[in-house]
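# Need the 3D shape of this:
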Amino acid sequence: MGRANAATPGPWYDSVMDGGYSAVISPDHWTERSIADVWEEQANADFIAEAREDVPQLAHDLLQALEEIERLNAYIEERDQDAIQAGWDRRKATYGG
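The predicted model follows:
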């Protein structure tokens with residue numbers, strides 16, 4: 001997230017400039033400034049502009065998913081230990097000891 005935090009704040013958007021190229025623009029407090037000039041397809045400029053918001057959101061979603069995986073692994077481990085103990089308890093009750 002360090003790179004995203006260090007980048008020019010968003011949202012970014014794309015704009016077709018004179019000469020037919022696209023620029024990824026970031027509005028600041030008083031003016032617009034070009035973040036990147038894209039000479040190829042408009043889709044590339046769209047992608048770059050949207051990435052400013054998408055990447056931090058994806059990182060956030062990934063961290064939430066990893067936390068959920070960790071929680072579920074702990075739950076499974078607890079359930080496994082309970083099942084093992086129940087098996088030993090049944091064995092002792094059946095065979096003694």
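
# Could I get the full set of strands for this structure?
13-16, 22-27, 32-38 (DSSP state E).

# Could you pull out the helices in the chain for me?
Using DSSP state H, the helices of the chain run over 2-6, 42-95.

# nearest to Y13, of those helices?
Comparison of the helices of the chain against Y13 by CB to CB identifies helix 42-95 as nearest, at 5.2 Å. In short, each C-beta sits where N, CA and C put it, glycine included.

# I'd like the mean pLDDT over that closest one, please.
What helix 42-95 shows for mean pLDDT is 88.

# ok, so what distance separates E50 from L62?
E50 sits 17 Å away from L62, going by CB to CB, to the nearest Å.

# Show me which of these two is the more surrounded one.
Neighbours were counted for E50 and for L62 using other CB atoms under 10 Å; E50 has more, 16 against 10.

# What's the local residue count around W12?
Per other CB under 10 Å, the neighbour tally for W12 reads 20.

# what's the answer for Y95, then?
Residues near Y95, counting by other CB under 10 Å, number 7.

# What of P56?
P56: 16 neighbours (other CB under 10 Å).

# show me the contacts for it.
Contacts for P56 (CB atoms under 8 Å, 6 or more residues apart in numbering) come out as 1, 4.

# ok, it to D14 distance?
To D14, P56 is 18 Å away according to CB to CB.

# And I76, how close does it get to A83?
I76 sits 10 Å away from A83, going by CB to CB.

# meant to ask about R71
Computed with CB to CB, the distance linking R71 and A83 is 19 Å.

# With A74 instead?
Note on A74: its distance to A83, by CB to CB, is 15 Å.

# Check A65 too.
Per CB to CB, A65 is found 26 Å from A83.

# Cool, thanks, signing off.
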